[in-house]
Structure formats: C-alpha cells, structure tokens
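> Could you work out the structure for the sequence below:
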Amino acid sequence: VSFVETPSHMSVLREMLLSWTSGQHLLLVGNQGVGKNKLADRLLGLLCCEREYVQLHRDTTVQSLTLAPSLEGGVVVWADSPLLRAVKAGRCLLVDEADKAPLEVVCVLKALAEDGELALLDGRTIVRHDDPRLAAAEALGCGSGGNRANAAAD
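You can find the predicted model right below:
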C-alpha cells in the first residue's frame, strides 16, 4: 500500500516536517489504521533518512529492546537490535505501539532521547549519533500506557 496524498495527510505531514526541522522527536497518536506508520515512512522518505523499526508490546523487555536473537547455522546468536543499529548508525528509530510497552522499556527510550546515551546490560555504553530522532506511533485510547509513551517521545 502506497502513501495517498489527501489534504489531511498533507496537513499532518507539514506539521511533522516543522517539528522535525526544529529538532523535536515525534509522537503520532491516532486510531488503529489511520496511517501513522505511513506518515512516518513518507516523512523519512522525503528527508532521505534511513530508519530502523521496532514494534513494542506488553512482553517487551529491556534486553529484547537492545538485543535481537537470530538463528545462524542452527545456533542462536544475539545481535544488535534495531534500537542499537539506529543509535550506532545515526538512523531514525520508528517505535510502533509505544503505549503497550512496560514502564521500564519506555524509561530506556526516554533516557536515550533525553541523555543521548544508553547503558547496556553487558556494560557497554552506546552514545547516540549526532542527529537521530525517535518517531513513536501509538494507537489512541489503548489503555493507560499513553502517558508513558508521551514521556518517552517528548
């Protein structure tokens, strides 16, 4: 499905661009299926900005946010997650369903956005690239997590 340039989409896209150019992180809030991810992808495409994508859920842990398992030759190997790849390479991190994440996960994202660095469980500290931004998308009215998501992306 491609991006459809409706007047309302273009209005939101203009507001997103203004926020982006002023250095702000973005939080898109809306009902399921209204096009939050499409808007974010369109903005990043227009800006020629690479992105990493992570979808959060109630079972997301700090470890799963920072490390991703993969199967190589029948052996489970732990590699950098989309979050770490974004931080290291200076890509935008698109966080979907931020409102569903546990508080400790949102706190990690908030600390990264505010402090520009992330202390990993293995003792490493990852310093944010010069100009990455978080773009978080959440569904409107999905439980009490909205305040946590707002805190993470403000």
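> who does the helix or strand harbouring V106 touch, helix- and strand-wise?
Taking DSSP states H and E as the criterion, V106 maps to helix 103-115. Helix 103-115 sits against helix 62-66, strand 117-119, strand 134-139, helix 146-153, with contacts defined as 3 or more C-beta pairs under 8 Å, 6 or more residues apart in numbering; DSSP states H and E. All C-beta spots, glycine's among them, are computed from the backbone N, C-alpha and C.
> and the ones you listed, which one is worst for confidence?
Lowest mean pLDDT within these: helix 146-153, at a mean of 34.
> how close does R51 sit to T66?
With distances taken as C-beta to C-beta, to the nearest Å, R51 is found 18 Å from T66.
> Among these two, which residue is more densely surrounded?
For R51 and T66, the more surrounded residue by other C-beta atoms under 10 Å is T66, and the numbers stand at 23 against 19.
> circling back: report the buried residues of the helix holding V106.
Buried residues in helix 103-115, counted by 16 or more other C-beta atoms under 10 Å: V105, V106, V108, L109, K110, L112, A113.
> Which one of those residues is nearest to K38?
Using C-beta to C-beta, L109 comes nearest to K38 of the buried residues of helix 103-115, at 22.0 Å.
> I'd say the closest one and A98 touch.
Yes. With contact defined as C-beta atoms under 8 Å, L109 and A98 form a contacting pair (7.5 Å).
> so after the lengthiest helix in the chain, what's the next helix or strand?
Scanning the chain for the longest helix, with DSSP state H as the assignment, gives helix 7-21. Next along the chain after helix 7-21, taking DSSP H and E as the criterion, comes strand 26-30.
> and that following strand, which strands flank it?
If you go by DSSP bridges, strand 26-30 pairs up with strand 134-139 (parallel).
> Of all the helices and strands in this structure, which has the lowest average confidence?
Ranked by mean pLDDT, DSSP states H and E, the weakest helix or strand in the chain is helix 146-153, scoring a mean of 34.
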